[in-house]
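Participant: Let's see this in three dimensions:
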Amino acid sequence: MKTDLWIPILHKKLGMTEDTTEIAERISRGIADEGNRFVEIVGALINIHKRDYHDAREIRVKFEGMTTEVSKQGRELFLYCRNVPMGCLYDGKQVIWASVEQISAAIRDIIFPPAMPQDFSQGVDVSAYVKKFVEHAGFLYRGERGLVVFTWGGHRVNRKEYEFAKQVGYWTALQLPDMENITGCGDGIMKAPFKGAQVAYGKQCTLERFGKRDFIGFTEKNILAAEPPNEVVNRFVVFPNIEQRMEAFIRASHRGRAHPGGPGTIEEILTMLALLSDPHNREIPFEFDLVEQPGGEYFKALQEYLHTCFGNAVDGMYTIFLDPPHKYAQHLAETTKKLPMRYLWNDDFRFDPRFQKPFEVTFESMEALDLTRDQEPMDLLINLRRFFSSIVHLSVRDPDMLDSWGDERPLIRGDKKIVTATNDLVKRLEDQDRIHPNKKYATPFRIE
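Facilitator: Numbering: from 1, shown residues only. Modelled structure (predicted):
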């Protein structure tokens, strides 16, 4: 059964004072642009049953035949959607309000982004644009904030890991009720800290004492359909690419932590370590914690992998915690006192241009990756980050590319111990069901 749906476009969310014919025409052109994948994105955002598919191809099937166009009614604009599956609406007729706001945010970031500079050759220019992008989304305008923490972790986690991350969110928000979280905004670890913090904020009477709390979600256009935002997110930003999203995570936070996850989480951890390994950044105080439930083996295995690849070169850049949630919360509260908290946006970090340039995943670019020891630790971290980014790209962003290769797979070259350890780590993620279970998924590389 299918129905038609009128979704209001919130001009205030777009940063506009009113809806004009010019705005309507620009939105029409934007949703008609196939490169924006707007039907997929709208389908993912209105689908209340967010767990009933695992990649963008399945959302295409579910919303096959749905069309979108702009409808102007009086002084208001609506996104008119035809042939919408009734089963994706909570009562067969209406979409939840969180989805209404998220669709307007997606229109703002995809169709009305801030103007790009003509020259992106300098890292400082990219950094300035990332800051401009979050300002455009209204993220930096809300006065004083307390502690802001990014949380990374898996979209696909078991119930114990989810509940542990939820308890971490609860206890850290209880200890620091003016704290806010930024996550990738999807399911699993990206949702758990929000759910725990909601309860803690209520117990601390946060609205009366600290004002409105934001539940901040950072995503990017090409991953949005496969990992749509959860219903708790109320501050939603869609970045043009994964590199700008990653830089925003770090610059918009006072500290960060990661929970267990899949190749995307490994990619994020390697990015953070590469950034911290830059000599320019080594004196900048920034706490990065790897947090897991007591008795967990995930980060022990990751630490062994890092030692295989780097020896002790990245020691001291992260701290592993296998403590109960309330113990970690006490550590967070105590060590936060030593961090500079005057500014929300961290302009001090230097981002090497290689962190910022999107890595174009192709058969050839994967084969060109250098995983040898004969390079600086930061260079190897960047290459390993690109490797895991390729796994995410082929399993989440563009699984059709992997299918197009047939039985062929790119050969990954480098130091035998590093290549073997990397292959073993990917196999471990597969065995733990931490990689998107696309129907045709197969390991997207080979080693000698």
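Participant: Show me the contact partners of stretch 313-333.
Facilitator: For stretch 313-333, contacts defined as CB atoms under 8 Å, 6 or more residues apart in numbering pick out 149, 164, 167-168, 170-172, 174-176, 255, 269, 272-273, 276-277, 287-296, 299-300, 303, 306, 377, 381. The C-beta positions use only the backbone N, C-alpha and C, and glycine is treated the same way.
Participant: quick one: average pLDDT of that stretch?
Facilitator: Mean pLDDT, stretch 313-333: 96.
Participant: any low-confidence regions in this structure?
Facilitator: Within the chain, the stretches with pLDDT under 70 are 19, 50-55, 141-145, 206-211, 342-343, 437-441.
Participant: the residue most distant from the middle of it, which is it?
Facilitator: Of all residues in the chain, residue 74 sits farthest from the chain's C-alpha centroid, using CA atoms, centre = their mean; the distance is 37.2 Å.
Participant: how much space is there between that residue and residue 18?
Facilitator: Residue 74 is 12 Å from residue 18, where distance means CB to CB, to the nearest Å.
Participant: where exactly do the helices run in the stretch 201-350 of the chain?
Facilitator: 206-210, 221-224, 242-251, 263-277, 298-310, 325-336 (DSSP state H, counting those that start in this stretch).
Participant: who wins for proximity to residue 186 among those?
Facilitator: Between residue 186 and those, the tightest spacing by CB to CB is seen for helix 221-224, at 8.5 Å.
Participant: Tell me which stretches of the protein form strands.
Facilitator: Taking DSSP state E, the strands of the chain run over residues 2-8, 67-73, 76-85, 148-152, 180-183, 215-220, 235-239, 255-258, 288-291, 319-321, 370-371, 413-414.
Participant: Taking strand 2-8 as reference, get the angle to the second one.
Facilitator: Right, the one you point to is strand 67-73. 50 degrees (axes from the mean of the first three to the mean of the last three CA atoms, to 10 degrees).
Participant: Report the angle between strand 67-73 and strand 76-85.
Facilitator: Computed by the same axes, to 10 degrees, the angle between strand 67-73 and strand 76-85 is 150 degrees.
Participant: Run through who's touching strand 67-73.
Facilitator: 6, 9, 19, 21, 24, 27-28, 31, 38-39, 42, 77-83.
Participant: and if we set it to 7 Å?
Facilitator: 6, 24, 27-28, 31, 38-39, 42, 77-83 (CB atoms under 7 Å, 6 or more residues apart in numbering).
Participant: Quick check: the farthest pair among those?
Facilitator: Farthest pair in the contacts of strand 67-73, by CB to CB: 24 and 83, 21.7 Å.
Participant: In terms of packing, which of these two has more residues around it?
Facilitator: Neighbours were counted for residue 24 and for residue 83 using other CB atoms under 10 Å; residue 24 has more, 16 against 13.
Participant: Could you give the number of residues near residue 160?
Facilitator: Neighbours around residue 160, by other CB under 10 Å: 10.
Participant: got the contact list for the closest residue in space to it that isn't next to it in sequence?
Facilitator: Spatial nearest neighbour of residue 160, chain neighbours left out: residue 293 (6.5 Å); criterion: CB to CB, 6 or more residues apart in numbering. If you count contacts by CB under 7 Å, 6+ apart, residue 293 has them with 160, 161, 164.
Participant: Would you mind giving the helices of the stretch 201-350 of the chain as JSON lines with mean neighbour count and distance to residue 192 added?
Facilitator: Formatted as JSON lines, the helices of the stretch 201-350 of the chain follow (neighbours: other CB atoms under 10 Å; distance: least, CB to CB, whole Å):
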{"stretch": "helix 206-210", "mean neighbour count": "13", "distance to residue 192": "19"}
{"stretch": "helix 221-224", "mean neighbour count": "22", "distance to residue 192": "19"}
{"stretch": "helix 242-251", "mean neighbour count": "22", "distance to residue 192": "17"}
{"stretch": "helix 263-277", "mean neighbour count": "24", "distance to residue 192": "14"}
{"stretch": "helix 298-310", "mean neighbour count": "18", "distance to residue 192": "15"}
{"stretch": "helix 325-336", "mean neighbour count": "17", "distance to residue 192": "11"}
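Participant: looking at those helices, which is closest to residue 13?
Facilitator: In terms of CB to CB, the element of the helices of the stretch 201-350 of the chain nearest to residue 13 is helix 221-224, at 16.3 Å.
Participant: Need the contact partners of that closest one.
Facilitator: With CB under 7 Å, 6+ apart, helix 221-224 has contacts from 41, 44, 110, 238, 240, 396, 397.
Participant: May I ask you to confirm that the second one is in contact with residue 59?
Facilitator: Right, residue 44. Yes: under the criterion of CB atoms under 7 Å, residue 44 makes contact with residue 59 at 5.4 Å.
Participant: list residues touching both of these two?
Facilitator: Common neighbours of residue 44 and residue 59 (criterion: CB under 7 Å, 6+ apart): residue 225.
Participant: circling back to that earlier point, deepest of the strands of the chain, which one?
Facilitator: Ranked by average neighbour count under the criterion mean count of other CB atoms under 10 Å, those are headed by strand 180-183 at a mean of 26.
Participant: That strand packs against which elements?
Facilitator: strand 148-152, helix 192-203, strand 215-220 (3 or more CB pairs under 7 Å, 6 or more residues apart in numbering; DSSP states H and E).
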